[in-house]
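Asks: got a structure for you, letters missing:
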């Protein structure tokens, strides 16, 4: 009599573990990806952002896994200067006419207790896909203090060499090969 009961318990475990998975939809107004690059061989740091992003984050904090799927509209690049925006949208940089989106996808998340601290995945930009590791800071989940909806937030960062994706214009005199990418995320539970 005990054996069938144990078998039922064992079969129920995967269902119980799956029940803790939660999906969060990225809120685009407060999740605008940013980039920083050294300009003129380090005389200054230039900043820019993308104003259109969407995606989902799936978390199972009990099982310490999940996934991230983010799509960035490269046509929404903003450098705070219209002329520079046109240059960055051109063929030498983001070539937005040919590659209007870039994506980050990950199914390998790292946790420290219940906190998400990292994500290994693939960044696709300019038609090239390469592995990228994101460091995640300030991760927290709870109810939004204003609308009381369940949400999670964090800031993910990495530094890439843009030349690995074929973006070589201006290296090294005009701007650095190293680009720091930052993605502040606010996402609401689905």
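Replies: Thanks, I have it. Quick caveat, the model's predicted, so the values are computed rather than measured.
Asks: Strands of the chain, start to end?
Replies: 22-26, 34-39, 44-50, 53-60, 65-73, 77-78, 101-112, 115-125, 128-143, 150-161, 175-189 (DSSP state E).
Asks: In a markdown table, list those along with distance to residue 169.
Replies: C-beta coordinates here come from the backbone N, C-alpha and C atoms, glycine included. Listed next are the strands of the chain as a markdown table, based on distance: least, CB to CB, whole Å:
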| stretch | distance to residue 169 |
| --- | --- |
| strand 22-26 | 30 |
| strand 34-39 | 12 |
| strand 44-50 | 14 |
| strand 53-60 | 24 |
| strand 65-73 | 20 |
| strand 77-78 | 15 |
| strand 101-112 | 17 |
| strand 115-125 | 14 |
| strand 128-143 | 15 |
| strand 150-161 | 14 |
| strand 175-189 | 8 |
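Asks: need those in CSV with mean neighbour count, can you?
Replies: Formatted as CSV, the strands of the chain follow (neighbours: other CB atoms under 10 Å):
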stretch, mean neighbour count
strand 22-26, 17
strand 34-39, 17
strand 44-50, 15
strand 53-60, 19
strand 65-73, 20
strand 77-78, 19
strand 101-112, 18
strand 115-125, 19
strand 128-143, 14
strand 150-161, 18
strand 175-189, 19
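Asks: what is the mean pLDDT for stretch 86-106?
Replies: In this model, stretch 86-106 has a mean pLDDT of 97.
Asks: sorry, that was for stretch 35-49
Replies: For stretch 35-49, mean pLDDT rounds to 93.
Asks: The closest residue to residue 27 other than its chain neighbours bridge partners, please.
Replies: Of all residues not flanking residue 27 in the chain, residue 186 sits nearest, at 4.7 Å (CB to CB, 6 or more residues apart in numbering). Counting by DSSP bridges, residue 186 is bridged to residue 153.
Asks: of all the strands of the chain, which lies closest to residue 90?
Replies: strand 77-78 (10.7 Å; CB to CB).
Asks: What strands line up against that closest one, and which way round?
Replies: Counting by DSSP bridges, strand 77-78 is paired with strand 44-50 (antiparallel).
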